[in-house]
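Colleague: How does the following fold in three dimensions:
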Amino acid sequence: MARLTVSAAHLTPTTATPPASTWAAIYLGVAAATLPAVLPVMVGVFADRFGYGVAGAGMIAALNMTGILVGSLLCPLITARFGWAVVIRASLAVMIAGNLLTMLDGHFGYVAATRVFSGLGEGVVGGICYAAMGRSARPERSISIYFAGQAIIGMVGLGSFGWIAASLGWPWLFLILSAIALPGFWLAAAIGRAQPAPAGERHGGLPVNPLVIGALACILLYFVGMASLWPFFERIGVGKGITAGTIAFALSVSAFGGLAGSLVASVVAERLPRVVGLLSGLVLLIAAVSGLAFLPGTTSFILSVSLFAFTWPFQFAFQFGHLASLDRGGRLIALTPAMTGGGLAIGPAIGGTLLQNLSLGAVGAFCILCVIVAVGGAIALRPRQAV
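Modeller: This next block holds a predicted model:
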């Protein structure tokens with residue numbers, strides 16, 4: 001009974017993030033996650049412009065995501081001692097410095113270090129933004145708008161970053177990534193006003209619900225599977241003999257799929273049973289991966305990539321809703337960015353290795369297997385008592 005009382009206290013309007021703070025967190029969260037949103041193009045840049053090859057580019061992407069993961073894990077420790085606004089500004093400085101330092105040298109070890117360094121700042125910023133969105137009056141709506149914003153960034157970035165790298169030079173990509181994050185220095189104050197009072201941190205001894213840990217593990221596995229395939233769409237298109245212009249068009253169009261998945265999920269997530277939503281997303285994913293692996297031609301490539309992009313945020317909405325239903329107080333939901341960052345760190349390294357040494361079919365099978373286990377786990381971990 002006491003656990004339900006604590007949960008209700010966290011959901012009262014007086015503790016909710018102010019609307020201005022929520023919108024500031026959504027913008028900065030999207031800005032901090034710009035590089036993952038355009039990861040296929042960045043993998044292509046590291047593979048071709050830097051000369052690292054597919055496996056090396058996948059490893060650089062994985063190290064970047066590892067930095068994000070570590071930053072996300074450090075975020076609760078840092079914000080327990082310092083205010084959100086101060087931490088955001090310091091972390092933005094780290095993130096932007098890492099981007100600028102990447103431009104100075106092309107040595108693999110140096111670039112890897114700068115991407116980890118930049119990822120650390122990005123992870124801390126993202127963790128605070130997730131926390132602010134999670135404390136909003138309607139967190140599911142906030143997260144849907146956040147993913148819609150990522151889709152819009154993908155529309156612009158995936159369609160233009162390849163051209164920018166070819167025409168103006170790859171350093172401009174890191175300048176653009178930095179410029180998008182600059183408003184965060186001003187928005188930090190608004191987000192800082194959403195930080196909970198220190199008195200609310202006295203419940204450090206609350207027992208951990210194993211169902212919540214299981215739900216977080218399902219999200220981690222889900223992102224491992226999805227991220228093992230997503231960053232290599234540009235490479236897959238090249239392998240199919242599709243022209244660079246057509247690949248850029250397909251990746252840009254796929255962003256509409258991601259936007260549609262976010263918007264559809266925001267409408268149906270509270271009306272559609274979670275099991276139905278999870279299984280529907282799984283069916284859509286199998287169709288997308290099968291199209292990439294077995295169907296030739298540019299049309300099937302465009303449709304498959306777009307369907308994959310639709311499925312990712314659509315199914316994650318139900319994964320996140322499942323986690324929220326188990327953790328009513330929202331204390332462990334703050335670890336969600338660490339789970340997604342962990343998946344984005346592990347997935348590209350596995351996918352790049354499988355694609356280079358085995359085949360596209362192996363990567364697709366690994367992706368589907370991970371999502372099947374994640375969906376099955378989420379269904380098995382449903383709460384026995386409706387709240």
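Colleague: quick one, helices of the stretch 101-250 of the chain?
Modeller: In the stretch 101-250 of the chain, the segments counted as helices under DSSP state H, counting those that start in this stretch are 108-134, 139-167, 171-181, 184-192, 210-227, 233-239, 244-268.
Colleague: Tell me how far the second one lies from the chain's centre.
Modeller: Pointing back at helix 139-167 there. 12 Å (CA atoms, centre = their mean, to the nearest Å).
Colleague: tell me what that helix is packed against?
Modeller: Contacts of helix 139-167 with other secondary structure elements, assessed using 3 or more CB pairs under 8 Å, 6 or more residues apart in numbering; DSSP states H and E, are made with helix 19-32, helix 34-37, helix 39-44, helix 108-134, helix 171-181, helix 244-268, helix 298-326. From N, CA and C alone the C-beta is placed, and that goes for glycine too.
Colleague: Summarise which helices and strands the shortest one is packed against.
Modeller: Same thing as helix 34-37. If contacts are counted by 3+ CB pairs under 8 Å, 6+ apart, helix 34-37 sits against helix 53-79, helix 139-167, helix 171-181.
Colleague: Distance to residue 45 for the ones you listed - can I get that in TSV?
Modeller: Formatted as TSV, the entries for those read as follows, by distance: least, CB to CB, whole Å:
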stretch	distance to residue 45
helix 53-79	8
helix 139-167	5
helix 171-181	7
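Colleague: and residue 278, which of these is closest to it?
Modeller: Counting by CB to CB, residue 278 lies closest to helix 139-167 out of the helices and strands packed on helix 34-37; the figure is 15.4 Å.
Colleague: tilt between that closest one and helix 171-181?
Modeller: Here helix 139-167 points in a direction 150 degrees away from that of helix 171-181 (axes from the mean of the first three to the mean of the last three CA atoms, to 10 degrees).
Colleague: by how many degrees do helix 139-167 and helix 19-32 diverge?
Modeller: Comparing the axes of helix 139-167 and helix 19-32 via the same axes, to 10 degrees yields an angle of 30 degrees.
Colleague: So for helix 139-167, mean pLDDT?
Modeller: Helix 139-167 shows a mean pLDDT of 78 in the predicted model.
Colleague: Show me which positions of that helix end up buried.
Modeller: 139-140, 142-155, 157-162, 164-165 (16 or more other CB atoms under 10 Å).
Colleague: For residue 220, report the pLDDT, please.
Modeller: Among the per-residue scores, residue 220 shows a pLDDT of 93.
Colleague: Please verify my assumption that residue 381 contacts residue 326.
Modeller: Yes: in this structure, residue 381 sits in contact with residue 326. The criterion is CB atoms under 8 Å, and the distance is 7.3 Å.
Colleague: between these two, which one's more packed in?
Modeller: Between residue 381 and residue 326, counting by other CB atoms under 10 Å, residue 326 is the more crowded of the two (21 against 18).
Colleague: and that one, what is it in contact with?
Modeller: By CB atoms under 8 Å, 6 or more residues apart in numbering, the contact list for residue 326 reads 209, 211, 212, 215, 381, 383.
Colleague: any weak-confidence spans in the stretch 51-200 of the chain?
Modeller: Low-confidence segments of the stretch 51-200 of the chain, defined by pLDDT under 70: 197-200.
Colleague: and stretch 125-133, which residues are buried?
Modeller: With the criterion 16+ other CB under 10 Å, stretch 125-133 contains buried residues 125, 126, 127, 128, 129, 130, 131, 132, 133.
Colleague: Check what contacts that stretch and list those residues.
Modeller: Stretch 125-133 has contacts (CB under 8 Å, 6+ apart) with 17, 21-22, 24-26, 28-29, 32-33, 68, 71-72, 75-76, 79, 84, 87-88, 91-92, 95, 139, 142-143, 146, 181, 184, 191, 194, 333-334, 336-338, 341.
Colleague: residue ranges with poor pLDDT in the stretch 251-387 of the chain?
Modeller: Along the stretch 251-387 of the chain, the model assigns pLDDT under 70 to residues 327-332, 383-387.
Colleague: Centre of the chain to the helix or strand encompassing residue 378, how far?
Modeller: Secondary structure from DSSP states H and E places residue 378 in helix 360-380. A distance of 18 Å separates the centroid of the chain from that of helix 360-380, by CA atoms, centre = their mean.
Colleague: What helices and strands are in contact with that helix?
Modeller: By 3+ CB pairs under 8 Å, 6+ apart, helix 360-380 packs against helix 210-227, helix 274-294, helix 298-326, helix 336-357.
Colleague: Deepest in the core, which of those is it.
Modeller: helix 336-357 (a mean of 24; mean count of other CB atoms under 10 Å).
Colleague: Can I get it as CSV, trimmed to CA atoms?
Modeller: Below are the C-alpha coordinates for helix 336-357, written out as CSV (Å, rounded to 0.1, in the frame of the first residue of the first chain):
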residue,chain,number,x,y,z
THR,A,336,16.1,4.4,-19.8
PRO,A,337,18.7,6.5,-21.6
ALA,A,338,21.4,4.2,-20.3
MET,A,339,19.6,1.2,-21.7
THR,A,340,19.0,2.8,-25.1
GLY,A,341,22.6,4.1,-25.1
GLY,A,342,23.9,0.7,-24.2
GLY,A,343,21.9,-0.8,-27.1
LEU,A,344,23.2,1.8,-29.5
ALA,A,345,26.8,1.1,-28.3
ILE,A,346,26.6,-2.7,-28.6
GLY,A,347,24.5,-3.0,-31.7
PRO,A,348,26.7,-1.3,-34.3
ALA,A,349,29.8,-3.2,-33.3
ILE,A,350,28.0,-6.6,-33.6
GLY,A,351,26.2,-5.5,-36.8
GLY,A,352,29.3,-4.3,-38.5
THR,A,353,31.2,-7.4,-37.7
LEU,A,354,28.4,-9.7,-38.9
LEU,A,355,27.9,-7.6,-42.1
GLN,A,356,31.6,-7.6,-43.0
ASN,A,357,32.4,-11.2,-42.1
